[in-house]
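K.L.:
I would like the atomic coordinates for the input below:
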Amino acid sequence: MAQDDQPESPLWEMIALDQRALPKASQVSQARQRWRCLGRWLRVGAEAGDDPAKDEAELQHLSQVRLANLAPPIDWQPGARALTRYLAEVGDSAGPVTFLIGAPECHHAELLRVWAMQQAARTLPEPLPTSLLAGDSPWTLEPSETPWVIPQLERGFLRQAAALAGLRSFLEEALAGRLGRGVIGCDSWTWAYLHHTLALPDASAVTLQAFDGARLSRYFAHAARAAGKLPAIRAVGSGESVFAEGEEALVSRELQPLAVHCRGQLGLAWYYWRARLCEEAPEGHVADTLWLAENLDDATLPGEVGEETVLLLHTLLLHGGLDEALLPEVLPLSHARALSGLRQLQRRGVVSCDADRWRVAPLGYVSVRRLLEERTYLLDVL
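P.N.:
Here you go, the predicted model:
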């Protein structure tokens, strides 16, 4: 599925990092959310008009096959083309290195790999952890006319003295223009730390413009249409159609609150969208109407969260996830203690592990970010 931009209203827009605008909750959506919460707490009766249009208990989540058709993996080719347009517009003023900053679920690495293929650029391999711990430069290359790409700067970073020294040396060479033209993808949390520690230049950082409710509506409607006719999707709480078709665009009152919740991050919104799509229990046939559950299905943290747990979660975010063997290298905890804490969080769905690499889970991210903000830890800007 390819979703190209419309010149008058671009769906995919690359902008300077400091120009990104967070989605804002409309007065209508705020009022509706307060009323729904009040109704749930006070058990408002049908005469108050707050009964759900459909009981969520009667619904079931869609199968993986149906989700693959209605909400397939995000195609990042339009994002790569948006990056090409941006670089063409700014020209040499961008400097020798451009940093593409992406939130944890916004797949900046995948976008950059697509861009590298489109531009026939050199993609630099991921460095070995042993070389990072030894303080070696994470990447070595000779300058040439062909641009180079590092999809994930976070894979060349460890919050450890020797590893930081090696990365500092590489970035100084790159930013001085001695390595030729390059584009570096970087997790927004890694960027927050390195920007603070190594004084990386703001002017070199770009990101995708936030997906507000209108953009999310267009994206998800187009994704569902790609499999055929756009199905009827109704909100469980109100019974209203999620996609109210207007003269020029599909606009959803349900998706602006989701955009706000996800801070405009398309990749994160994609997980919630898939988790909320439901249907009535099928009786040997495909349901004509789908339902969008009210619940956002956030993974919940324990009631009491100690500082060790907070530090563990913050460390995972700063590194864009961590291999299990590297936990003692960047944490003041033993391997066994760190692993025990991670497994407790995994049981609650807050973190996940794939091939011994631990990360904050998509549906745990909002809760974790809120916790870190409350504890005044260093946050990302996305």
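K.L.:
can you report how many residues neighbour the residue nearest to residue 176 when sequence neighbours are not counted?
P.N.:
Nearest non-adjacent residue to residue 176, counting by Cβ to Cβ, 6 or more residues apart in numbering: residue 96, 7.6 Å away. From N, CA and C alone the C-beta is placed, and that goes for glycine too. Residue 96 has 18 neighbours, counted by other Cβ atoms under 10 Å.
K.L.:
report the buried residues of the one helix or strand residue 369 maps to.
P.N.:
Residue 369 is located in helix 365-374, with elements delineated by DSSP states H and E. Within helix 365-374, the residues scored as buried using 16 or more other Cβ atoms under 10 Å are 365-369, 371-372.
K.L.:
need the residues you listed in TSV with pLDDT and distance to residue 353, can you?
P.N.:
Output for the buried residues of helix 365-374, formatted as TSV (pLDDT from 0 to 100; distance: Cβ to Cβ, whole Å):
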residue	pLDDT	distance to residue 353
365	98	15
366	97	20
367	97	18
368	98	15
369	98	20
371	97	20
372	98	20
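K.L.:
hang on, the earlier thing: which helices and strands does the helix holding residue 369 pack with?
P.N.:
helix 307-318 (3 or more Cβ pairs under 8 Å, 6 or more residues apart in numbering; DSSP states H and E).
K.L.:
please state the offset of the helix it packs on from the chain centre?
P.N.:
Using Cα atoms, centre = their mean, to the nearest Å, the mean C-alpha position of helix 307-318 is found 18 Å from that of the whole chain.
K.L.:
and the angle from that helix to helix 365-374?
P.N.:
Helix 307-318 runs at 120 degrees relative to helix 365-374, counting by axes from the mean of the first three to the mean of the last three Cα atoms, to 10 degrees.
K.L.:
now what about helix 307-318, what contacts it?
P.N.:
104, 159, 189-190, 192-193, 302, 322, 330-333, 337-338, 341-342, 345, 350-351, 358-360, 368, 371-372, 375, 377-378, 380 (Cβ atoms under 8 Å, 6 or more residues apart in numbering).
K.L.:
quick one: buried ones out of these?
P.N.:
Of the contacts of helix 307-318, these count as buried by 16+ other Cβ under 10 Å: 104, 159, 189-190, 192-193, 322, 330-331, 333, 338, 341-342, 345, 350-351, 358-360, 368, 371-372, 380.
K.L.:
now, which of those lie within strands?
P.N.:
322, 351, 358-360 (DSSP state E).
K.L.:
got a markdown table for these, with distance to residue 307 and pLDDT too?
P.N.:
Converted to a markdown table, those look like this (distance: Cβ to Cβ, whole Å; pLDDT from 0 to 100):
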| residue | distance to residue 307 | pLDDT |
| --- | --- | --- |
| 322 | 18 | 97 |
| 351 | 17 | 98 |
| 358 | 19 | 98 |
| 359 | 20 | 98 |
| 360 | 17 | 98 |
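K.L.:
count of neighbours near the closest residue to residue 182 other than its chain neighbours?
P.N.:
Nearest non-adjacent residue to residue 182, counting by Cβ to Cβ, 6+ apart: residue 148, 4.6 Å away. Residue 148 has 22 neighbouring residues, counting by other Cβ under 10 Å.
K.L.:
what bridges to residue 148?
P.N.:
As for beta bridges, residue 148 partners with residue 122, residue 182 under DSSP bridges.
K.L.:
ok, now how distant is it from residue 340?
P.N.:
Distance, residue 148 to residue 340, using Cβ to Cβ, to the nearest Å: 41 Å.
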